[in-house]
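Engineer: below: sequence and its predicted model.
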Amino acid sequence: MFRPQRLPIRLNLRAVRWNSTGSPSTPPLMAKIRSDLKVAMRAKDTARLNVLRAIISETNNSLKTSSPIQTDLQLLSLIRKRMTGAKDAAQQFAEADRPDLKESEEKNVAILEEYADQVETMSLDDVKQIVLQEISKLKEAGQKAEVGTLLKSLFAPGGALDGKPAERAEVAKIAKEAVATA
């Protein structure tokens, strides 16, 4: 009769790490959002649950792009983007005479504002002072104060706002005003 032989299989496998070596860091606010998601699930708070799931979903999707959300400021810009969308939707529902949908969008805006307020950013006065100082530095160097060059010098490595909790959109708005008046 035919008898199969057992051959010892020896594979020279070293300890292989199947995932990437650099794991992306999550913003501190994201931990709070994930814990609040669990609380909202237990409380069956559907409005909060939907908002938190949407934020978590967008941050997870951003991990697959070239610019993943890794800081609270990036998360804040995502939250503000969702807030403007919800405000626009509430306005459109009000125009369409749909008070029920308008009310749900306003609840979403309130929840998003609650999380947006938890991120600490620089005050507008501090940002204005830094922008004006940078404009004076550019003028002393003999360069023309344009918005693009101003923002590049502010956010460049070693710049006045490098690594500080300042939103780029707000800084850009202040820079445009300052360049227009200068």
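Structural biologist: Now that the structure is in, tell me what you want to look at. Numbering: from 1, shown residues only.

Engineer: what's the lengthiest helix in the chain in contact with?
Structural biologist: If you go by DSSP state H, the chain has its longest helix at helix 72-95. Outside helix 72-95, the residues that touch it by C-beta atoms under 8 Å, 6 or more residues apart in numbering are 27-30, 51, 54-55, 58-59, 62, 69, 99, 101-102, 105-106, 108-109, 112-113, 115-116, 119, 121, 165-169. Heads up, the C-betas are built off the backbone N, CA and C, glycines and all.

Engineer: just those residues: which are in helices?
Structural biologist: Reading helices off those with DSSP H, I get 28-30, 51, 54-55, 58-59, 62, 99, 101-102, 105-106, 108-109, 112-113, 115-116, 168-169.

Engineer: whichever of those end up buried, select them in PyMOL.
Structural biologist: Per 16 or more other C-beta atoms under 10 Å, the buried members of these correspond to this PyMOL selection:
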select buried, resi 29+30+51+55+59+62+102+105+106+108+109+112+115+116
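
Engineer: what's around Met122, how many residues?
Structural biologist: The tally of other residues near Met122 (other C-beta atoms under 10 Å) stands at 15.

Engineer: contacting residues for it?
Structural biologist: Here Met122 is in contact with Leu161, Lys164, Pro165, Ala166 (C-beta under 8 Å, 6+ apart).

Engineer: closest to Ala40 among these?
Structural biologist: Pro165 (27.0 Å; C-beta to C-beta).

Engineer: hang on, isn't the closest one packed against Val127?
Structural biologist: No. Counting by C-beta atoms under 8 Å, Pro165 stays clear of Val127, with 10.3 Å between them.

Engineer: okay, now the domains of the chain?
Structural biologist: 28-118, 124-181 (the TED database).

Engineer: quick one: average pLDDT of the first one?
Structural biologist: Averaging pLDDT along domain 28-118 gives 93.

Engineer: can we start the residue count at 32 from this point?
Structural biologist: Okay, residue one is now 32; in that scheme the one you just asked about reads as domain 59-149.

Engineer: centre of the chain to it, how far?
Structural biologist: 12 Å (C-alpha atoms, centre = their mean, to the nearest Å).

Engineer: endpoint to endpoint, it covers what distance?
Structural biologist: 10 Å (C-alpha to C-alpha, to the nearest Å).
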